[in-house]
Each structure stands twice: as structure tokens, then as C-alpha cells.
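*Asks:* Sharing a model prediction with you, sequence too.
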Amino acid sequence: MDEGRLRRVGMVAGVVYGIAFLFLCAILIGSALSLKSNVIYHWTELRPVANFTFAREGQPDRDIVLPTTLSGLAPGERITLTSSVETTIHDNLLIKTTGAPLRMYVADNLYLSIGLEGTYPAFQKRPSPDIDTVAMPTEAGIQQLRFEYTVPYGANSLDLPLVYVGDSQVLFAHLLTENGLMFTIAVLLLLSGIVLVGLGLIVASRVPAAHSFFWLGFACLATGLWAFCDNDLTLYLIPLPSLLYTFACLGLFSLSIPFLKYGSLLLALEGRPPTSGSANRVLLLFGSRSLLDVLYTLMRLLLLVLLILHLSGIVPFSQSASLMQALTPATIALFAAFVLFEHFGQHNPQAARLVLPVVVFALFALASILDIVPKFFDFEGAALQIGVLLFTFWMAFLGWGYVRDVFDEADKSAALEVEMDAMNRNLDMQRALYHNLTQSTEEVRALRHDLRHQLSAIRGYLQTDDVEGALNYVETIADHIPDLANKLLCDNFAVNAVAVHYLDQALSAHIQTDIRLVVPVELGRIPDNDMSIIVGNLFENAIEACLYVPEDRRFIRIRSTVTKNRLTLVIDNSFDGTCRVVKGVFYSRKRVGKGIGISSVRAIVEKYDGALKYEAANGVFTASLYVKM
């Protein structure tokens, strides 16, 4: 893929990403304004149901206030919560469970059951967190509520969230205001991950260093998957609790793996042996691998072990999720410590640009471990998810700047390649010219050597009045004189040498030629070298096109004129009707992308305020141009 297309891909991705970002920001601002204004909706206001009576077998009933956590329970034990609430004909209950089976009754009638055995995969061992709404009886009045929970497998405590009452719009608005911010961040993470993975796969074919974008995008996708699937608003909109919980755990478990790989690639650590010193001696146990590579391998093994334990039903996801919620931020903190060590201890130049973003990232990771987050970010794992988003934006900005610099270097390399190709062409033509001149000189020397003998022979014929014999002898000599008529095609020595060189190639390929080339000795501001490149490239392209045509149809016709200070050149040649044209630009058959010769001709023509045009019709390809001398 050429640099222009890569830039267009980057621009399109940036525009799409920007539009999505603005759209999601609008959603976020709207949800925040609705919360601040305390809007009263169509029928009722949001009303929490917090006061319940807690009943447990063998113990006296007692009052509790939700939200709360009940501890000292046994797996399989049943507990009951009862309360009364006044409802209207439009009211619904919003009920959330945190992984425990629930039966909910209204006036002793079963209204809702969540997480009962058989409603979730057996390997999960316990139901997934769920959220649902229940329509209250159509008769307004006091309703008696009863919640019967069963303590899930492997648990000795039970989290009991608040229950809310209100019409459907009120309840949805509550979910939106409570979870809209983290939902927006989750979607931004997913979008960022998709863009970065796509750019990494596309750009890496041209710039291998951009492969790190893929791993940064992969980390962003894993975090976004965790944040999106572990969100109450998502659970409400997509009522697939077991599937969402499984994806959330997979995202959390795999989050640190692509980050470690990204750091290893960015710091150019792959294959680098550890340096001497006590700080790195322990790494010798792992061969020539850095700490990040070791952590990367260990986390992959841990992920594999956890998946085997979970899918085999030995350990439920919920038990290892708590471990990974602490282990993942700790791994990110180690990642930051290693970057600091690389920068200050190893003086790794690649680590310098990582120091500030990775320190900020580590602070968010530590805040997640210590559970230090602002009230409006009071969600499990919120600090780490926000840290990932900030780090991703930061590194994507820095990384794209690096890729852009690489593109600029690639442009310079391409320009240098054009110049080198032109120089090589000129050297080849100069060698051919020198060979032709040497051959002609030898032929002239031989003619001069034989000229005296030939004149003596002619004198002998004339002295005997054998005119016919003298004429025959002269014709024999003339047949051996080399034909130099096609050696002078124009007055300009350099351009003539190029034209003669390719004329010999055309004649060798049995191509009919008709050349009327007018190129003066003095070309004004145009160097002979540039004019030679124009004629040589176009002549060579014409010969190449003729080789795809049967011999009896091959031809090349060249015309040039000079009017005042403008030189015009037109080359017609036969071709087989096949040519690669992309947006009006002709591409060479000899290489991928634009031909170097085509690019160099266009650059020279534009340099001298001219114009170049290619046309193809009825088996004839025409290249026409003019330059100002």
C-alpha cells in the first residue's frame, strides 16, 4: 500500500473517530444535565426502596437498610427480605442482583425469578449479575414485597443493592445518569481499540514499527469489553447476563497481556539480552528476555490456567475476578516501574516518551487498587478503565506522530530512489554511447587504413578505362561503410545519445520507428540531464508497451518541436489495450505502485512549469508534454 493511501486511511479513521467522540460526548453531557436538573418525568418520580426486614432461619428478624452487605452466610442458605411500598398504576420495580438466585413476590404472587439453576451455564457455578424491571399491579396502593435470595456457590456474603420504584422512563433515566459516563467511556475504548487494531494491521505492512498499534488497540478492546459488559446500562439494554459476564471476565483477565507486549515492542526489548548487574541477574533464569517479556509469558499462562479452571467448572469466574481486579493494576504498576528503570537506569531513548503517560497510567492503576476514585466515578474498576482510555489517547497521538515522521522519511527515500534510478539510467546510456563511439572510431580507423589501397585499386580501374569495374568496386566499398544516418536524431548531444541508445533497443525488438526529434543544443534553464531523463523514460516505456504487441503491429512515433521558449514532445506507440489507471494516474506494469520513471518525468515537467498528459485509445498510447525553456 502506498503512502498516499495510508494517509487517506488515517484521515478517514480520524474523522470517523472524531464524529463518534463528539456524538458520545453529547450523550454524556445530556445525561449529566438531566441529572443536574432533577427532571420530573411523565407520571412519577424515582423512589428508592431501602428499608427491609431481614429474616434468616434460626435468627430473629431485624431491620436493614439497602444497600448493604450481609456476611457470615453459608452457601445454599436462604434469606428473606420483606418491605411494603406504595405504587401507582404506572410503576415498575428496578431490581439488581449481584450473582445470587432470587425469587421476588408481590402479595405472595411470584413476579420475578432471576439466576435460578438451569438459567446459566453449568461451568459458571453461580448466576451472573443481572438487572431487570418488573411491572407492579395495575391497582394503586400499598404493595407487599418479598425477596427470597439463595446464597450462591462458594460465597459467605451477599451484596444487596437498592431497589427503585418509578415508571419505565424514570427508571431508564436513572440507569442512564448513573451508568452513562462509564458506558460512554466503554464505547470510546471499543471504538479506539477497533481504530488502532485496524490501523496497526494496515500501516504495519509499510511501517513495521506501527505493529505496536495493534497491541495497544488490543489492550483497548479488552478494557472496553470489560467496561462495556460490566455496565448496568448494557445489561439493561442487552438482557444476556451470562454472556456479558463471561465477556467482561475475559476482557479483565486478558487486559494486561497486550499492554506488556505493547511496552516490549515500543521499548525495542525483543531479543535484547539483559544487562549486567544485580537488578537483572534473576532474569538470566529466563534467557535473554526482559522483565516485560517474562510478565507477558506468565500472564498468558495464568490466562490459560484460569480459562481451563473456569470452563471445566472447577472455579467460578466470580472468584478469580476479584484476584484479577487486583493483579491487573499491579501488573500495570510494574509496567510503569520497568519503563522508569529503562529510562533512568538503562538510558533507553525509547522509554523517554513513555515516562509521563505511563506514570499517569500507573497512578490510575494504584487508585483502582486502593479504591480511591471520585464519587461520580464510583464504579468497580472505573479508575483503571479511565486510565486505559487516557493512556491510549496519549500513546495513539504520540504514535501517529511517529508514523507520520516515518511516512515523511519514506517520501524522501522514494525521491532519492527516483534520483538514483535516473542516475543509473544515465550511466547505462553513457556506457552505451561510449561503446557506440568506440565502435565507430574503430570502424573509421579501419576505413582510413584501407583507404589508400582502395584508392589505388580505383586508379587502376580508371587507367585501364574500366569504368564499370571502378563503379562496382565503389559500390562494394559503400556496402561496408557503417550507416550513421540514424546516429544523429537531434542537435543536443546528451539527448541524442539517449535517443540513439533506445532506438537501438527498439530496432532490436523489431519495432517500426518514425523519429523527428527537435531538441536544440541550448535548452535555456533546462539542464541536458533533465531533458535526457524525459526522453529516455518515455522512450523506454514505449518500447516496453510494444513488447506486449505482435511484431507486425509494433511502432513508435516521436515528434518534438520548439516554439519560442516552449519545447513540446509527443510519443505515440502501439500497446495491447491493458493499462493500470487509478484516479487518472497510470501505473507501471513492472512494479507495485506508481512507476519510478513515470513519477520522475512528471516531477521534471512540473519543475519547468509544464504539463504532462497520457491518453490511451484504439490500441495507441500517447504521452504528450511541454516544458518552458
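*Replies:* That came through fine. Numbering: from 1, shown residues only.
*Asks:* wait, what's in contact with the residue nearest to Leu306 when sequence neighbours are not counted?
*Replies:* Distances taken as Cβ to Cβ, 6 or more residues apart in numbering place Ser320 nearest to Leu306, at 5.4 Å, with adjacent residues excluded. From N, CA and C alone the C-beta is placed, and that goes for glycine too. Taking Cβ atoms under 8 Å, 6 or more residues apart in numbering, we find Ser320 in contact with 249, 253, 306, 309-310.
*Asks:* measure Ser320 to Gly224 for me?
*Replies:* According to Cβ to Cβ, to the nearest Å, Ser320 stands 20 Å off from Gly224.
*Asks:* Leu625 and Ile534 touch, don't they?
*Replies:* Yes: counting by Cβ atoms under 8 Å, Ile534 is a contact partner of Leu625 at 7.2 Å.
*Asks:* between these two, what contacts are shared?
*Replies:* Counting by Cβ under 8 Å, 6+ apart, the contacts common to Leu625 and Ile534 are 569, 601, 605.
*Asks:* just checking, the last one touches Ala623?
*Replies:* No: Val605 sits out of contact with Ala623 when judged by Cβ under 8 Å, with a separation of 10.5 Å.
*Asks:* quick one: which of the two has more around it?
*Replies:* Between Val605 and Ala623, Ala623 has the larger neighbour count (other Cβ atoms under 10 Å), namely 24 against 19.
*Asks:* With the flanking residues excluded, which residue is spatially nearest to Glu551?
*Replies:* Glu551 sits nearest to His510 (Cβ to Cβ, 6+ apart), 4.7 Å away.
*Asks:* What about the one you found, how many residues nearby?
*Replies:* The tally of other residues near His510 (other Cβ under 10 Å) stands at 11.
*Asks:* My impression was that it belongs to a helix - is that right?
*Replies:* No: going by DSSP: H, G, I helix; E, B strand; the rest coil, the assignment for His510 is coil, not a helix.
*Asks:* quick one: low-confidence parts of the stretch 451-600 of the chain?
*Replies:* Counting by pLDDT under 70, the stretch 451-600 of the chain has low-confidence residues at 451-453, 478-487, 580-597.
*Asks:* dump the residue contacts of Ser212.
*Replies:* The neighbours of Ser212, taking Cβ under 8 Å, 6+ apart as the test, are 200, 262, 265-266, 399.
*Asks:* Mind listing what's buried along stretch 179-186?
*Replies:* The neighbour-count check on stretch 179-186 (16 or more other Cβ atoms under 10 Å) flags 179-186 as buried.
*Asks:* Stretch 612-629 too?
*Replies:* For stretch 612-629, by 16+ other Cβ under 10 Å, it's 612, 614, 616, 621, 623-627, 629.
*Asks:* Going along the chain from the least confident helix or strand in the chain by mean pLDDT, find the next helix or strand for me.
*Replies:* Least confident helix or strand, the chain: helix 278-281 with a mean of 44, by mean pLDDT, DSSP states H and E. The first helix or strand that comes after helix 278-281 along the chain, using DSSP states H and E, is helix 291-311.
*Asks:* Relative to the whole chain's centre, how far out is that next one?
*Replies:* 27 Å (Cα atoms, centre = their mean, to the nearest Å).
*Asks:* Mind giving me the packing neighbours of that helix?
*Replies:* When contacts are defined as 3 or more Cβ pairs under 8 Å, 6 or more residues apart in numbering; DSSP states H and E, helix 291-311 packs onto helix 241-254, helix 256-266, helix 317-340.
*Asks:* angle of it against helix 317-340?
*Replies:* 180 degrees (axes from the mean of the first three to the mean of the last three Cα atoms, to 10 degrees).
*Asks:* And helix 291-311, what's buried?
*Replies:* Across helix 291-311, burial judged by 16+ other Cβ under 10 Å covers 291-296, 299, 302-303, 306, 309-310.
*Asks:* care to break the protein down by domain?
*Replies:* Domain assignment for the chain by automatic domain parsing gives 3-22+173-412, 47-166, 486-629.
*Asks:* Is Ser600 in contact with Ile533, as I believe?
*Replies:* Yes: counting by Cβ under 8 Å, Ser600 does reach Ile533; the two are 6.0 Å apart.
*Asks:* Between the two, point out the one with more neighbours.
*Replies:* Shown here are Ser600 and Ile533; by other Cβ under 10 Å, Ile533 has more neighbours (25 against 22).
*Asks:* How about stretch 320-338, which residues are buried there?
*Replies:* Buried residues in stretch 320-338, counted by 16+ other Cβ under 10 Å: 320-321, 324-325, 327-329, 331-336, 338.
*Asks:* Sort out which one of those residues lies nearest Ile131 for me.
*Replies:* For the buried residues of stretch 320-338, the residue nearest Ile131 by Cβ to Cβ is Ala321; the value is 17.7 Å.
*Asks:* From Val49, how far off is that closest one?
*Replies:* Separation of Ala321 from Val49 (Cβ to Cβ) stands at 28 Å.
*Asks:* With Leu265 instead?
*Replies:* 52 Å.
*Asks:* Let me see the contact set for the closest residue to Gln512 other than its chain neighbours.
*Replies:* Once flanking residues are discounted, Gln512 sits nearest to Phe555: 4.4 Å by Cβ to Cβ, 6+ apart. For Phe555, the contacting residues are 511-514, 546, 572-574, by Cβ under 8 Å, 6+ apart.
*Asks:* among those residues, which ones are buried?
*Replies:* Among these, those scoring as buried are 511, 513, 546, 572-574 (criterion: 16+ other Cβ under 10 Å).
*Asks:* Let me have the residues you listed in a markdown table, extended by distance to Pro161.
*Replies:* What follows is the buried ones among the contacts of Phe555, written out as a markdown table (distance: Cβ to Cβ, whole Å):
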| residue | distance to Pro161 |
| --- | --- |
| Ile511 | 86 |
| Thr513 | 89 |
| Cys546 | 81 |
| Asp572 | 82 |
| Asn573 | 80 |
| Ser574 | 81 |
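*Asks:* Any idea which residue is closest to the centre of the protein?
*Replies:* Central residue of the chain (Cα atoms, centre = their mean): Leu199, 0.6 Å from the mean position.
*Asks:* okay, that residue: pLDDT?
*Replies:* Looking at Leu199, its pLDDT is 78.
*Asks:* about what we covered before: in helices only, show me the buried residues of stretch 179-186.
*Replies:* 179-186 (DSSP state H).
*Asks:* closest to Tyr164 among the residues you listed?
*Replies:* Distances from Tyr164 to those, taken as Cβ to Cβ, are shortest for Asn179 (13.2 Å).
*Asks:* what helix or strand is the closest residue to the closest one other than its chain neighbours on?
*Replies:* Among residues not flanking Asn179 along the chain, Leu233 sits closest, at 4.0 Å (Cβ to Cβ, 6+ apart). Using DSSP H and E, Leu233 maps to helix 232-237.
*Asks:* helices or strands up against that helix?
*Replies:* Counting by 3+ Cβ pairs under 8 Å, 6+ apart, helix 232-237 packs on strand 130-135, helix 168-203, helix 241-254.
*Asks:* in the last one, what's buried?
*Replies:* Of the residues in helix 241-254, those with enough neighbours to count as buried (16+ other Cβ under 10 Å) are 241-242, 244-254.
*Asks:* Give me the residues contacting that helix.
*Replies:* Helix 241-254 is contacted from outside by 120-121, 124, 127-130, 221-230, 234-235, 238, 302-303, 306-307, 310, 317, 320-321, 324-325, 328, 381, using Cβ under 8 Å, 6+ apart.
*Asks:* The first one too?
*Replies:* Around strand 130-135, the neighbours that count as contacts under Cβ under 8 Å, 6+ apart are 91-97, 104, 106, 111-112, 114-115, 168, 171, 175, 232, 235-236, 239, 241.
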